[in-house]
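Asker: Give me a model of this one.
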Amino acid sequence: MRTIFVFTFLFMANLCFGQYVETYKGVDPLDNADFKRMVRSDISYALNGEATPTTGLKIDVTKPEGTLSYTSPFGKVLWSLELKGGVTDGGFKFLTGFKNLNSSFELRPSIHVITIKNDAAYGYDPDASRAKLKIRAQNALVNLEAEMLTDSLKVITAIKNYHLFSIESLDFKSSKPSVLLIDTSLNDIKFKRIAIYFMKKILDSDNLGVNEKDSFMKIIGVLSPVQLINSEPYSIGYKEEVSILFAKYNKLCKNLEETVSDKKIKNANEIWTRKRNRWLTFSPFVKAENITAYKTKFNNIDSLYFDPISRYTYGLTGIYNFYSVYPGKMAQLIRISASVSRSSNLATLSTFNYEKVSPLFINGNSNYQKKSTGSAYEFNEVKFGALGSLGFEYYRFPLKSWIPGWYVNPNFNFSNLYKLEKVKGRQSDVFLASFEGGMILNINSKEKDKEKNLLSILLYLRHEDLTDSRRTTISTNDLEDRSEYLKRNLSFGIKVGIPISLPKAG
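Answerer: Take a look at the predicted model:
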C-alpha cells in the first residue's frame, strides 16, 4: 500500500504542480527490455498481421498465385517461411508429387534481425513528461501486482509442501511428521501476512490463534498433520483446497515475466505519437519454374512438338526495412533490397497461343476431333544464368481516413540473360527495369476490445520492362504488333495481402 501511495502521490503532484518531472528526466516510459519486446511485437505484426506466430495466405487473383506464410520468434530474431504456388496449364497447384515437380513454386525461409536503432516519441513537454510519469506510475503498480502474485505462490507452495508432504510421510509409530525445511526468508512480515490470509481461507476461520508476530512455521502449523490424519474427510477437503489454491497461483505466475511486459506495453500504447522500427531481412530462396516449351529438334533431328519443362532457380536476398507509424495519422514502409540469383529471362519473352487438334473417332459421315489450347515459349529463346537485382518499395497509408493508400515498387536487374540476339538493337542488353504501383485498401475487423488487420487489397499496374519497346526481328525486319508489346509488359490486377500489415486507424 505504501508503494501505491507513493506513486499515486507523485503522479497527482506532477499533474497539479509539475514539480516532480525532474525526478524522471532522462527516464523512458518503458524499460529497455519492454521497449525491445514492443519493437519485436510491432515488427511481427507488420510482417504477419499478428504479434504472435500465425500462418497467413496471400493471393494474387490475376494469375492466380498464392503464398502460405508463417512467422515466429526465435531467440533475438524473427524467422518466417513462405511457400508460394503458381499456375500451370493443369490449374492452381503448389506441388504435384516429389519425383516430378511440374508446378511453379517458390520456397523462401527468412531471418529478420532487429537493429538497435529503433525509437518512439511521445510528444512535447510539459504534456510528454506528465504522460511519461503517468505510465511509470501505472507500470509500478503492474510490478507490485506481479510481486504479490509471486509472493503468494511462494507461500502456498510452502503450505502445500509442509502439510501434504507431512501427511503422506507421517510416522504413525511416533505420531510425528517428517521434517520439511522451510525457506527462512518466509519469516519476513509480508510472507507471514499472506500465510495468515491463506490459512484463514483454507480453514474457513477468522480465529487462528496466531498473528504476524509469530513465526511462519507456527502460522502454517495451526492445523497439524496429526489432526488432519485423525479426521480423514476433513483432511481430504483440506488437501483439495490447498491443491486448488496452488494450481491457481501457479497458473497465474506461469510466463509472468512476459505477461507483465505485455501489460506495461499496453499501458504505454496511448502516449506514442511516432514509432520508427528498422530491421534487416536475409532470405535464401529456391524456385521451380514450369513452362510449356515449343521445340524444333529432338536428338538433333528436326521435330516439332510441345514439351512441359521445369527448371530450378535459386538465390539470396537481403532487405533493409524501415517502418514508421504516426498513430491516428499515417503509416509508411520503405524496403531496399539487393539479391543475387540464378534466374531465367522469361520476363523478356513473349508467349504464343496454340491449338492442338487430335482425332477422336469417326461415326458415319461425322469426324470427331479433340481440341486443346495453351500458351508456350520458344525453347531456343529461354535462358538461365546469373542475375543481380536492386529493389525499392514504398508503402504509404493514411489512418483515420477513407482515402486509400498507395505504393510504388521499381526494380533494377542486371544480367546477360537480357541479350536478345534476334532483336534489332537489343543484342547487347544487360539491364532491365520494372515498375509496379497502385492503391492500397486496408480492411480492419473489430475483435472484442481490439482492432486487427483483416484484409489488405492492392489495385496495381505493373510494367515488366521499362527499357523495352516494340521489337524488330533482324532476320525479317518485321515490327511486332503493339498488342504483343503490351501483352509482354503490362498487367493490371488485384492482390489480396501485402508484405506489411498496416496498423489500426487509432
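
Asker: isn't residue 434 right up against residue 408?
Answerer: No: at 11.6 Å, residue 434 does not count as touching residue 408 under the criterion of Cβ atoms under 8 Å. (Each C-beta comes from the backbone N, C-alpha and C, glycine too.)

Asker: Tell me which of the two has more neighbours.
Answerer: residue 434 (20 against 13; other Cβ atoms under 10 Å).

Asker: list the buried ones in the helix or strand harbouring the more buried one?
Answerer: Assigned by DSSP states H and E, residue 434 belongs to strand 431-447. Counting neighbours by 16 or more other Cβ atoms under 10 Å, one finds that the buried residues in strand 431-447 are 432, 434, 436-438, 440, 442.

Asker: Show the backbone phi and psi for residue 421.
Answerer: phi -60, psi -30 (degrees, to the nearest 10).

Asker: tell me what the strand or helix carrying residue 362 is packed against?
Answerer: Per DSSP H and E, residue 362 falls inside strand 352-363. For strand 352-363, the elements it packs on are strand 366-378, judged by 3 or more Cβ pairs under 8 Å, 6 or more residues apart in numbering; DSSP states H and E.

Asker: Give me the sheet partners of the helix or strand that comes right after the strand it packs on and which way each runs.
Answerer: For strand 366-378, the following helix or strand on the C-terminal side (DSSP H and E) is strand 384-398. If you go by DSSP bridges, strand 384-398 pairs up with strand 330-344 (antiparallel), strand 405-414 (antiparallel).

Asker: could you say what helices and strands the strand holding residue 434 packs with?
Answerer: For strand 431-447, the packing partners by 3+ Cβ pairs under 8 Å, 6+ apart come out as strand 384-398, strand 405-414, strand 450-463.

Asker: Send over it as PDB, restricted to the C-alpha atoms.
Answerer: Provided in PDB are the C-alpha atoms of strand 431-447 (Å, rounded to 0.1, in the frame of the first residue of the first chain):
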ATOM      1  CA  PHE A 431      19.800  -4.200 -67.900                       C
ATOM      2  CA  LEU A 432      16.100  -4.500 -67.200                       C
ATOM      3  CA  ALA A 433      14.000  -2.100 -65.100                       C
ATOM      4  CA  SER A 434      10.500  -2.900 -64.000                       C
ATOM      5  CA  PHE A 435       7.900  -0.900 -62.100                       C
ATOM      6  CA  GLU A 436       4.800  -1.700 -60.100                       C
ATOM      7  CA  GLY A 437       2.500   0.600 -58.300                       C
ATOM      8  CA  GLY A 438      -1.100   1.100 -57.200                       C
ATOM      9  CA  MET A 439      -3.600   1.800 -54.400                       C
ATOM     10  CA  ILE A 440      -3.900   0.000 -51.000                       C
ATOM     11  CA  LEU A 441      -7.300  -0.600 -49.400                       C
ATOM     12  CA  ASN A 442      -7.000  -1.900 -45.800                       C
ATOM     13  CA  ILE A 443     -10.000  -3.600 -44.200                       C
ATOM     14  CA  ASN A 444     -10.000  -3.900 -40.400                       C
ATOM     15  CA  SER A 445     -12.200  -6.000 -38.200                       C
ATOM     16  CA  LYS A 446     -13.300  -5.300 -34.600                       C
ATOM     17  CA  GLU A 447     -12.500  -8.200 -32.300                       C
END
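
Asker: what are the pairing partners of it, and which direction each?
Answerer: Checking strand 431-447 against DSSP bridges gives partners strand 405-414 (antiparallel), strand 450-463 (antiparallel).

Asker: Mind listing what's buried along the first one?
Answerer: Just to be clear, that refers to strand 405-414. Buried, per 16+ other Cβ under 10 Å, within strand 405-414: 405-407, 409-411, 413.

Asker: Show me what secondary structure element comes after the strand or helix carrying residue 159.
Answerer: Using DSSP H and E, residue 159 sits within helix 127-168. Counting by DSSP H and E, the next helix or strand C-terminal to helix 127-168 is helix 189-203.

Asker: Using CSV, write out every CA atom in the helix or strand just after that following helix.
Answerer: The helix or strand immediately downstream of helix 189-203 is helix 216-220, counting by DSSP H and E. The C-alpha coordinates for helix 216-220 follow below in CSV (Å, rounded to 0.1, in the frame of the first residue of the first chain):
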residue,chain,number,x,y,z
PHE,A,216,6.0,-18.5,9.6
MET,A,217,6.1,-22.2,10.7
LYS,A,218,3.7,-21.5,13.6
ILE,A,219,1.3,-19.8,11.3
ILE,A,220,1.1,-22.6,8.7
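
Asker: Give me the neighbour count for residue 404.
Answerer: 15.

Asker: Go ahead and confirm it touches residue 439.
Answerer: Yes: at 4.5 Å, residue 404 and residue 439 qualify as touching, with contact defined as Cβ under 8 Å.

Asker: Mind listing what's buried along stretch 459-479?
Answerer: If you call a residue buried by 16+ other Cβ under 10 Å, then stretch 459-479 has these buried ones: 460, 462-465, 468, 471.

Asker: before we move on, back to that, just put the strands paired with strand 431-447 in a markdown table and tack on mean pLDDT.
Answerer: As requested, the strands paired with strand 431-447 are exported to a markdown table (pLDDT from 0 to 100):
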| stretch | mean pLDDT |
| --- | --- |
| strand 405-414 | 92 |
| strand 450-463 | 73 |
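
Asker: Out of these, which gets nearest to residue 258?
Answerer: Residue 258 lies closest, by Cβ to Cβ, to one member of these: strand 450-463, at 17.8 Å.

Asker: Which is the succeeding secondary structure element to the closest one?
Answerer: Assigned by DSSP H and E, the successor of strand 450-463 is helix 482-489.

Asker: What is that next one packed up against?
Answerer: With contacts defined as 3+ Cβ pairs under 8 Å, 6+ apart, helix 482-489 has no helix or strand neighbours.

Asker: quick one: buried residues of it?
Answerer: Residues 485, 488-489 are the ones in helix 482-489 that count as buried (16+ other Cβ under 10 Å).

Asker: Now flag whichever of those is closest to residue 202.
Answerer: Closest to residue 202, out of all of the buried residues of helix 482-489 and judged by Cβ to Cβ, is residue 489, at 78.3 Å.

Asker: quick one, what contacts that closest one?
Answerer: By Cβ atoms under 8 Å, 6 or more residues apart in numbering, the contact set of residue 489 is 463-465, 468.

Asker: for the residues you listed, which one is nearest residue 254?
Answerer: Checking those against residue 254 by Cβ to Cβ gives residue 464 as the nearest, at 53.3 Å.

Asker: What backbone torsions are found at that closest one?
Answerer: Main-chain dihedrals, residue 464, degrees, to the nearest 10: phi -70, psi -30.

Asker: Tell me the pLDDT of the residue lying closest to it once chain neighbours are set aside.
Answerer: Of all residues not flanking residue 464 in the chain, residue 489 sits nearest, at 4.7 Å (Cβ to Cβ, 6 or more residues apart in numbering). With respect to pLDDT, residue 489 scores 88.
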